[in-house]
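Novice: pasted the sequence and its predicted model underneath.
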Amino acid sequence: MNDNELLKRANEVRKMSYSPYSKFAVGAALLCADGTVVTGVNIENAAYGPSICAERVALFKAISEGKRDFVKLAVTCDGDHCRPCGVCRQVMFEHAPDMEILMGNPDGEFVRTTVRELLPDGFSL
Ligand code: THU
């Protein structure tokens, strides 16, 4: 699974986003160390607070399936490139501090970074 394929998976799954409030669809595709790809979308709620980002849905789905080692996560949304929020940065720091992140857009363009770059000196126990 190369970078362009992973970004394509993130862009394809965006259509499953449940985002009637923001109308801002986000897709994520997580490459696990076993070679599988787990996808996620943002899922919003009328009460706003219970909404969840695409990155966390992908990560939580994977963890709930027993996966623990993660290589790379592609996230895409409208705009120049999709930047994970602070909560997702902390969650990714917990489970995959050395993971690579591809921050992409619907045209397949992306910026490459890592969780540690996005959350320098992050909190852990
Ligand atoms: N969102 C994500 O799913 N991931 C990001 O990286 C940024 C923001 C979602 C949350 C909310 O449903 C919508 O995008 C607007 O903030």
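Specialist: On my side now, so go ahead.
Novice: how close does the residue at minimal distance from the centre of the chain sit to E94?
Specialist: Against the mean C-alpha coordinate of the chain, by CA atoms, centre = their mean, the closest residue is E55 at 2.8 Å. Distance, E55 to E94, by CB to CB, to the nearest Å: 12 Å. No exception for glycine: its C-beta is placed from N, CA and C like everyone else's.
Novice: returning to that earlier point: residue contacts, the residue nearest to the centre of the chain?
Specialist: By CB atoms under 8 Å, 6 or more residues apart in numbering, the residues touching E55 are 26, 28, 40, 73, 75, 84, 88, 91-92.
Novice: now do 7 Å
Specialist: 28, 40, 73, 75, 84, 88, 92 (CB atoms under 7 Å, 6 or more residues apart in numbering).
Novice: likewise F24?
Specialist: Residues in contact with F24 (CB under 7 Å, 6+ apart) are C77.
Novice: and it, how far from P97?
Specialist: When distances are taken as CB to CB, F24 and P97 turn out to be 27 Å apart.
Novice: for K61, same thing?
Specialist: The spacing between K61 and P97, counted by CB to CB, is 20 Å.
Novice: ok, now Y48?
Specialist: Counting by CB to CB - Y48 and P97 are separated by 29 Å.
Novice: so for these two, which sits in the more crowded spot?
Specialist: Between Y48 and P97, counted using other CB atoms under 10 Å, P97 has the larger neighbour count: 13 against 9.
Novice: quick one, strands of the protein?
Specialist: Assigned strands in the chain, in chain order: 27-32, 37-41, 70-76, 100-104, 110-114 (criterion: DSSP state E).
Novice: and those: which comes nearest the ligand?
Specialist: For those, proximity to the ligand was assessed by CB to the nearest ligand atom; strand 70-76 is nearest, at 5.6 Å.
Novice: contacts for that closest one?
Specialist: Contacts to strand 70-76, defined as CB under 7 Å, 6+ apart, come from residues 6-7, 9-11, 14, 26-33, 54-55, 58, 82, 84, 95-96, 99-106.
Novice: starting at the chain centroid, how far to stretch 53-63?
Specialist: How far stretch 53-63 lies from its chain's middle: 7 Å, per CA atoms, centre = their mean, to the nearest Å.
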